[in-house]
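[1] sequence and predicted structure below; questions after.
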Amino acid sequence: MTTAIIPPVQGQEISINSQGALVVPNFPIIPYIVGDGIGVDITPVMLKVVDAAVMKAYGGDKKIAWLETYAGAAAIEHYNDDIWLPEETVTAFKRYKVGIKGPLDAPIGSGLQSLSIQLREQLDVKHCLNTFQCFDGLPKCINHQQLIDIAIFQSEPSVVSTKNMTIENEEETYASTISINKLDVEQLLTRAIEHAITQDKTSVAIVHDGGDTAQFSDAICKWGYHLTKASFDGREINGGPWVNIKNPITGKEITIKDLSIESLIQQLISNPAEYQVLVAPFAYGSSLRSLLSTISNTIGITPACYLSKESAIFEATHGTAQKYAGLNKVNPSSLLLASVLMLRHIGWHEAANYIVTGMRGAISAKTVTYDLANKIADSTILTSSGFGDCILEHMN
């Protein structure tokens, strides 16, 4: 296979120290994938906005050394072979620790698994982070919509299904076994607490089901509270089980608590400010993502991050929208907000804040792409690149 990836001349690798923390140089090499379909429209906007935010935040003292890698249709073009996810693309994401990607399609008619899922599996990224926030100017769906600023950490359990068939009457039965790994739960909760510490949040809630999976819920909560007390010097509140820890950066209290999925859904609608970081070891994350994107009115613009101990992939949550490809029309916000998560992941919070400020300004000014214009009366419709330029104007 030919080599298509050319590392930048000026740039250094991100590394991980003995404590498991990222060591980020001032000019980190970060691989990216443009993506299929509308990737050609939204990824250049993301790169331009991120570079401008980094320059505004740090002058020339810090800068991302972008490394273009290939997957999907671009891989076929560059490698001239029937290779949709090249090995050197996966190797680059492994080597440089942090990467970002546009949407990808599976080969049409191939029956192959999603390229995004293939990349995650090869990088062994098991934990997912989604964030939700409200933007002034978007119509309100609930009374307290402006208070939504929530992160969801999800890790789905392993499910093993078996099939039995009775020959006499040809009846089929299925049995599923749910496997919950203690270490996986502890790693997920640790990420959530560390996020609460760095982002100055005051609560972390473990989401569970008190019904049919009560035994798993009990185990998850027990592991979670033990970890909080052992690793974060947690102190029980009024005899437990809830625990308080002190934020080592701000000195504020962070409450670690648990809540059933049924109660949480009610609370997110009536009192969303109380729930800032959610930990969903079961498959509740998908339902919570749908709920939060709906009540925050941010369907189609929420970001995602997939994490392991060694790698982090940041991406948009929408598809490739092939019919809009190349029209410079589609909203780049999901990928832009993914870049915000990426910048926060490497500790460049000032640059991340500039992007969020720019987006808030553009949306408040009613200068948006067509999808948001459909929600906002008397708005001005911009192209993908025009929306990016408007974000740059509002970064102050």
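    Good, I have the coordinates.
[2] where do the strands sit along the stretch 51-200 of the chain?
    65-69, 98-101, 127-133, 149-154, 158-166, 171-179 (DSSP state E, counting those that start in this stretch).
[3] what about this structure, any weak spots by pLDDT?
    For the chain, applying pLDDT under 70 flags the ranges 1-2, 107-112, 156-171, 174-179, 210-216, 282-283.
[4] quick check, central residue of it?
    The chain has Ala304 as the residue nearest its centroid, 2.1 Å off, counting by C-alpha atoms, centre = their mean.
[5] give me the element it is part of.
    Here Ala304 sits within strand 303-307, counting by DSSP states H and E.
[6] that strand pairs with which strands, and in what direction?
    strand 127-133 (antiparallel), strand 312-316 (antiparallel) (DSSP bridges).
[7] strand 149-154 and that one, what's the angle between them?
    Angle of strand 303-307 versus strand 149-154, following axes from the mean of the first three to the mean of the last three C-alpha atoms, to 10 degrees, is 40 degrees.
[8] any buried residues in strand 303-307, and which?
    Using 16 or more other C-beta atoms under 10 Å as the test for burial, strand 303-307 gives Pro303, Ala304, Cys305, Tyr306, Leu307. (Each C-beta comes from the backbone N, C-alpha and C, glycine too.)
[9] tell me how many other residues crowd the closest residue to Val34 other than its chain neighbours.
    Leaving aside its chain neighbours, Val34 sits nearest to Thr43 (4.5 Å; criterion: C-beta to C-beta, 6 or more residues apart in numbering). For Thr43, the tally of surrounding residues (other C-beta atoms under 10 Å) stands at 23.
[10] where's Thr43 relative to Pro332, distance?
    8 Å (C-beta to C-beta, to the nearest Å).
[11] check Asp51 too.
    Counting by C-beta to C-beta, the gap from Asp51 to Pro332 is 14 Å.
[12] just Cys134 next, same as before
    19 Å.
[13] how far away is the residue nearest to Leu227 when sequence neighbours are not counted from Thr202?
    Nearest in space to Leu227, with sequence neighbours left out and distances taken as C-beta to C-beta, 6+ apart, is Glu186 at 5.0 Å. Using C-beta to C-beta, Glu186 is found at 22 Å from Thr202.
[14] save the strands paired with strand 303-307 as JSON lines, and put in mean neighbour count and distance to Asp258 too.
    Output for the strands paired with strand 303-307, formatted as JSON lines (neighbours: other C-beta atoms under 10 Å; distance: least, C-beta to C-beta, whole Å):
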{"stretch": "strand 127-133", "mean neighbour count": "22", "distance to Asp258": "19"}
{"stretch": "strand 312-316", "mean neighbour count": "26", "distance to Asp258": "27"}
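[15] show me the contacts for Thr250.
    Thr250 makes contacts with Asp200, as judged by C-beta atoms under 8 Å, 6 or more residues apart in numbering.
[16] what's the neighbour count on Ile197?
    19.
[17] quick one: residues contacting the nearest residue to it once chain neighbours are set aside.
    Counting by C-beta to C-beta, 6+ apart, Asn247 is the residue found nearest to Ile197 once chain neighbours are left out, at 5.3 Å. Residues in contact with Asn247 (C-beta under 8 Å, 6+ apart) are Ala196, Ile197, Asp200, Glu253, Ile254.
[18] hmm, Ser293 and Ile299 touching each other?
    Yes: at 4.8 Å, Ile299 and Ser293 qualify as touching, with contact defined as C-beta atoms under 8 Å.
[19] so how far is stretch 319-339 off the chain centroid?
    Centroid separation between stretch 319-339 and its chain, computed with C-alpha atoms, centre = their mean, to the nearest Å, is 16 Å.
[20] list the buried residues in that stretch.
    320-321, 325, 328-339.
[21] of the residues you listed, closest to Glu236?
    Distance to Glu236 across these (C-beta to C-beta) is lowest for Leu337, with 36.3 Å.
[22] surely that closest one touches Ala304?
    No: assessed by C-beta under 8 Å, Leu337 is found out of contact with Ala304, at 9.3 Å.
[23] so how far is Ala351 from Phe132?
    In terms of C-beta to C-beta, Phe132 sits 21 Å off from Ala351.
[24] end to end on stretch 23-35, go ahead and measure it.
    28 Å (C-alpha to C-alpha, to the nearest Å).
[25] buried set for it?
    Here stretch 23-35 shows Val24, Pro28, Ile29, Ile30, Pro31, Tyr32, Ile33, Val34, Gly35 as buried, counting by 16+ other C-beta under 10 Å.
[26] C-alpha coordinates for stretch 61-72, PDB please?
    Provided in PDB are the C-alpha atoms of stretch 61-72 (Å, rounded to 0.1, in the frame of the first residue of the first chain):
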ATOM      1  CA  ASP A  61       3.000  30.700  21.200                       C
ATOM      2  CA  LYS A  62       0.800  27.800  20.500                       C
ATOM      3  CA  LYS A  63      -0.500  26.300  17.200                       C
ATOM      4  CA  ILE A  64      -1.900  23.000  16.000                       C
ATOM      5  CA  ALA A  65       0.200  21.200  13.400                       C
ATOM      6  CA  TRP A  66      -2.700  19.600  11.500                       C
ATOM      7  CA  LEU A  67      -2.000  16.200   9.900                       C
ATOM      8  CA  GLU A  68      -4.500  15.200   7.200                       C
ATOM      9  CA  THR A  69      -5.400  11.500   7.100                       C
ATOM     10  CA  TYR A  70      -7.800   9.600   4.900                       C
ATOM     11  CA  ALA A  71     -10.800   7.300   5.200                       C
ATOM     12  CA  GLY A  72     -13.900   6.600   3.200                       C
END
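[27] buried ones in it?
    Lys62, Lys63, Ile64, Ala65, Trp66, Leu67, Glu68, Thr69, Tyr70, Ala71, Gly72.
[28] let's have these in JSON lines, adding distance to Ser260.
    Shown next, in JSON lines, are the buried residues of stretch 61-72 (distance: C-beta to C-beta, whole Å):
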{"residue": "Lys62", "distance to Ser260": "44"}
{"residue": "Lys63", "distance to Ser260": "47"}
{"residue": "Ile64", "distance to Ser260": "42"}
{"residue": "Ala65", "distance to Ser260": "46"}
{"residue": "Trp66", "distance to Ser260": "44"}
{"residue": "Leu67", "distance to Ser260": "44"}
{"residue": "Glu68", "distance to Ser260": "46"}
{"residue": "Thr69", "distance to Ser260": "42"}
{"residue": "Tyr70", "distance to Ser260": "45"}
{"residue": "Ala71", "distance to Ser260": "40"}
{"residue": "Gly72", "distance to Ser260": "40"}
